[in-house]
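**Student:** When you get a sec, could you give me coordinates for this:
(chains A and B)
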There are 2 protein chains.
Amino acid sequence: MLNNIRVVLSHTSHPGNIGAAARAMKTMGLSQLYLINPRYFPDPQAVAMAAGADDILDNAVVCGSIDEALQGAVFTVAMTARLRDISIEVKTPREAMPLLAQQAQAHPVALLFGTEMSGLTNEELGKAQVLANIPANPDYSSLNLAAAVQVMAYELSIALQGELPVLDAVTPASYEQVEGYFSHLEKTLFEIGFFTTQKPARLMQRLRRLYARARLETEEVNILRGILSVTTEYNSRLRKRYQEEHPHV
Amino acid sequence: MLNNIRVVLSHTSHPGNIGAAARAMKTMGLSQLYLINPRYFPDPQAVAMAAGADDILDNAVVCGSIDEALQGAVFTVAMTARLRDISIEVKTPREAMPLLAQQAQAHPVALLFGTEMSGLTNEELGKAQVLANIPANPDYSSLNLAAAVQVMAYELSIALQGELPVLDAVTPASYEQVEGYFSHLEKTLFEIGFFTTQKPARLMQRLRRLYARARLETEEVNILRGILSVTTEYNSRLRKRYQEEHPHV
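**Tutor:** Numbering: from 1, shown residues only, chains lettered A, B, ... in the order given. This next block holds a predicted model:
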């Protein structure tokens, strides 16, 4: 179960924080570390701060993109320091970690952390099903990256020891299935001319949130993509007929 | 309420950990830092790791002994990495922090952390009412000092936001009242000759644990010390009579 859980650190600036995060993970039994474009890695400072958790650094997967890091994951919790005005759910660690633990019983899942200075981008947040915020002093909310990893890993470890809700007998869609759907959706919305009156990026963000809340199943992705295919076929049939009837337009 | 809570770090080796602990405290709204004989303090590494929490370092109270650091506290939770074979209660952070929060509503309390390498001594642990252990990977349980402060401060902050049990209408004995009783007790046990057949240090440790569980009130300390006084008076009367009746012994 613990091996199903990856900790993903995006664009980390300080290698010492990567090492300290590895140490924090190991104290709570986690071992799968993914690094998206770390500024310095491998690095002796990371090893120094890992203090015996260097096996986790040795096995860390360095990725060139978030898509690579989340490949195969069916559920992602992304950390945010801000309580944003967007419609995606923001949960406390104590609410979010049992959900992650529940999925981890059977599927790969991810816990996603942003950079030290600015956290995760909106695009990265859009790839998660749930956002989590560690409640902090409103006048000074800047937890150190590794300290945040420690708190989340601690909550996760307690959630894993507790009684987990039984998984539904459904197959949650994988990261790439969900992303495949969003690409298909965006392409379709362009094709049918929907985006001429809407801002594409902002609208896609809203749609991502909607489906993040719904937590898509594989079957549902297939249905939705089926609808998209029929939509464009219908659209291209219409266009064809129109062109036949108006050969000179 | 937050000002009633002091974080006490005993004999910290690395000044960076003191700074990181100050940062962890501040993210959770804590500000009272007490340092017992830190190896290096003040120190630029502490300031660097505090990352904006240097007001907490500036106001830190450097103490020469644990007695000085716990002066006035009515309740102390001490951290332990080991689940010791002693009879003092070892609680999880989630069990211990509501107790600390409850007392902090009206009285000074302390959260006590040991050194990076060896934690707290048995003598230091004996000064606490409750021991707390952060459940960790049995093969690698060494949380960084500041990471442990972060986890405990986080649990404490959640406990403070929750509904706290109402305080009993009693006055808990202060640290120095309890220590005054133990000194009196030890002296008395010597005087009455009890220690001739027992190991004083080990026995005092056991007695400390007993009273730690009981959580003495001021009134009770007065009663117990009253009994001790009468005991030695009775004893000295006995000795006097014996000497009068046996003038040549």
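**Student:** Return the set of buried residues in the helix of greatest length in chain A.
**Tutor:** Determined from DSSP state H, the single longest helix within chain A is helix A:218-245. Residues of helix A:218-245 classed as buried by neighbour count (16 or more other CB atoms under 10 Å in any protein chain shown): A:220, A:221, A:224, A:225, A:228. Where you see a C-beta, it was placed from the backbone N, CA and C, and this is true even at glycine.
**Student:** again, but for stretch A:129-141
**Tutor:** By neighbour count, and taking 16+ other CB under 10 Å as the criterion, the buried residues in stretch A:129-141 are A:129, A:130, A:131, A:132, A:133, A:134, A:135, A:136, A:137, A:140.
**Student:** Same list, these, but only the ones touching chain B.
**Tutor:** Contacts with chain B within the buried residues of stretch A:129-141, counted by CB under 8 Å from any CB of the partner chain: A:134, A:135, A:136, A:137, A:140.
**Student:** could I get those residues as CSV with pLDDT and distance to residue A:200?
**Tutor:** What follows is these, written out as CSV (pLDDT from 0 to 100; distance: CB to CB, whole Å):
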residue, pLDDT, distance to residue A:200
A:134, 96, 33
A:135, 94, 35
A:136, 95, 35
A:137, 94, 38
A:140, 94, 38
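**Student:** mind putting those in CSV, distance to residue B:18 and secondary structure included?
**Tutor:** Rendered in CSV, the data for these read as follows (distance: CB to CB, whole Å; DSSP: H, G, I helix; E, B strand; the rest coil):
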residue, distance to residue B:18, secondary structure
A:134, 22, coil
A:135, 24, coil
A:136, 20, coil
A:137, 19, coil
A:140, 17, coil
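**Student:** Looking at these, spot the one nearest residue A:146.
**Tutor:** Closest approach between these and residue A:146, by CB to CB: residue A:134, at 12.9 Å.
**Student:** I'd like the domain boundaries of chain A, if you could list them.
**Tutor:** A:2-161, A:175-245 (automatic domain parsing).
**Student:** Any residue of stretch A:42-54 touching chain B?
**Tutor:** Yes: on the criterion CB under 8 Å from any CB, stretch A:42-54 is in touch with chain B at A:51, A:52, A:53.
**Student:** Of the residues you listed, which is the most crowded?
**Tutor:** Neighbour counts for these were taken using other CB atoms under 10 Å in any protein chain shown; the highest belongs to residue A:53, which has 25 neighbours.
**Student:** per-residue pLDDT, it?
**Tutor:** In this prediction, residue A:53 carries a pLDDT score of 97.
**Student:** wait, doesn't it sit right on residue A:20?
**Tutor:** No: here residue A:53 lies out of contact with residue A:20, judged by CB atoms under 8 Å, at a distance of 9.1 Å.
**Student:** For the domains of chain A, which has the smallest mean pLDDT value?
**Tutor:** Between the domains of chain A, the lowest average pLDDT goes to domain A:175-245, which shows a mean of 83.
**Student:** Do a quick rundown of the helices in chain A.
**Tutor:** Counting by DSSP H, chain A has these helices, from start to end: A:15-27, A:44-50, A:54-58, A:66-70, A:93-104, A:122-125, A:145-161, A:175-191, A:200-214, A:218-245.
**Student:** Comparing these, which comes out most buried?
**Tutor:** Mean neighbour counts were taken over the helices of chain A using mean count of other CB atoms under 10 Å in any protein chain shown, and the top value, a mean of 27, falls to helix A:15-27.
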